[in-house]
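Undergrad: Sequence unavailable; structure follows:
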C-alpha cells in the first residue's frame, strides 16, 4: 500500500476508498524560525511526522494514507520577519473545508488533520465544528505535540519558557530530520518571561489570551532554549511522537465509520 495519496492514480484512489483507510492531512505554516532554522520548518516537520506515523500504522496492518501537506497557514504574528507567507483565517478555513469536502466526495472519509503550527489551532477547532454542524462531515483534529505532552515534559531539559518557537523541541527535531540545514552557529536562546496568566510555554498555556507579534517578544524570532537541542534527543522525541500518533491512528481506524454528508438519523 502506498503512503502518499499523490502517488495514486485516480483508478487506484477509487479502489482505495473501499478499504476505508485513515487519511492524514498535515497542516503546516511557512514562517520565520529564528536565524538558525529555515522557513519551511512547520510544513516540513508535520509532513515527515505524518509519513512516519502512517508507516508505523501500516506495519500494524492499519491502512493509512497521507494527503498532500497544506504548506502555509495563519502566521500574521510572524510577518515582521522576512520570508513569512501567511494567509487569512477565512482563507485557511475555506481551504481546509474544500480539501476535506473533496476527500469525502471521493469516499475517503476517515480523516485526521495533524497540525504543526500554533497559530492554526483556534482556526482548526472552528473548522472541525463548521464541518460537523454546517456540512455534517465528521473529522478528527490535533497538533502533533498534543499526543505526547507528558513525554515531552519528561524529555525536556529547559525550564518553562524554553519550549515555544524555534526552541529546544523544534530544533532537536530538525537536527534529527535534516541536520545539515540547521545553522548551529546562529542559535540564540530567548526563553519567554511574562505573566503566567498569558502562557509562557507549549506545555503551560495560560488562562488569558493575549495577541502579540513575535517582534514584540523576540528580536531574532526565537522563543525558547534551542541551545539545549541535540540530534540524538530529536531522534528520541520523533520516535515517541510518531509512536503516539500511530497508536491513535490504530484506535481511530476502529471507530464507527463516518456517515459524512449523509443523514445519520
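TA: In hand now; what should we look at? The model shown is predicted, which means the values in this text are computed figures rather than measured ones.

Undergrad: going forward, measure contacts and count neighbours with C-alpha atoms only.
TA: Will do.

Undergrad: quick one: contacts for residue 226?
TA: By CA atoms under 8 Å, 6 or more residues apart in numbering, residue 226 lies in contact with 162, 166, 167, 168, 169, 170, 171, 172, 187, 188, 189.

Undergrad: let's see 6 Å
TA: 167, 168, 171, 189 (CA atoms under 6 Å, 6 or more residues apart in numbering).

Undergrad: Was I right to think the first one contacts residue 224?
TA: Put plainly, it is residue 167. Yes: using CA atoms under 6 Å, residue 167 is in contact with residue 224, at 4.5 Å.

Undergrad: Next, the buried residues of whichever strand or helix holds residue 45.
TA: Using DSSP states H and E, residue 45 falls within helix 41-59. Within helix 41-59, the residues that count as buried by 16 or more other CA atoms under 10 Å are 41-58.

Undergrad: What is the burial count for the residue nearest to residue 5 when sequence neighbours are not counted?
TA: Nearest residue to residue 5 in three dimensions, chain neighbours excluded: residue 67, at 5.2 Å (CA to CA, 6 or more residues apart in numbering). For residue 67, the count of nearby residues is 22 (other CA atoms under 10 Å).

Undergrad: so residue 126, which of the three states?
TA: Under DSSP: H, G, I helix; E, B strand; the rest coil, residue 126 falls in the helix class.

Undergrad: How many residues are close by residue 82?
TA: Applying other CA under 10 Å, I find that residue 82 has 10 neighbouring residues.

Undergrad: so how far is residue 65 from it?
TA: In this view, residue 82 and residue 65 are 34 Å apart by CA to CA, to the nearest Å.

Undergrad: Give me the buried stretch members for the helix or strand harbouring residue 93, please.
TA: For residue 93, the host element (DSSP H and E) is helix 89-105. Within helix 89-105, the residues that count as buried by 16+ other CA under 10 Å are 89, 92, 93, 96, 97, 100, 101, 103, 104.

Undergrad: how much space between the first one and residue 43?
TA: Meaning residue 89. 17 Å.

Undergrad: just the second one next, same as before
TA: Noted for residue 92: a distance of 14 Å to residue 43, by CA to CA.

Undergrad: ok, now the fifth one?
TA: In this structure, residue 97 lies at 18 Å from residue 43, with CA to CA as the measure.

Undergrad: which ones are touching residue 117?
TA: Residue 117 touches residue 28, counting by CA under 6 Å, 6+ apart.

Undergrad: Identify, from the buried residues of helix 89-105, the entry nearest to residue 180.
TA: residue 92 (31.3 Å; CA to CA).

Undergrad: what helix or strand does the nearest residue to residue 202 once chain neighbours are set aside sit in?
TA: With CA to CA, 6+ apart as the criterion, residue 202 has its nearest non-adjacent residue at 5.3 Å, and that residue is residue 164. For residue 164, the enclosing helix or strand under DSSP H and E is strand 163-165.

Undergrad: tell me, how many neighbours does residue 122 end up with?
TA: The number of residues packed near residue 122 is 10, by other CA under 10 Å.

Undergrad: same question, residue 77
TA: Under the neighbour criterion other CA under 10 Å, residue 77 is assigned a count of 17.

Undergrad: Can you tell me, leaving aside adjacent residues, what's nearest to it?
TA: residue 213 (4.3 Å).

Undergrad: how many neighbours does that neighbour have?
TA: Burial measure for residue 213: 14 neighbouring residues, criterion other CA under 10 Å.

Undergrad: For it, give its distance to residue 163.
TA: 17 Å.
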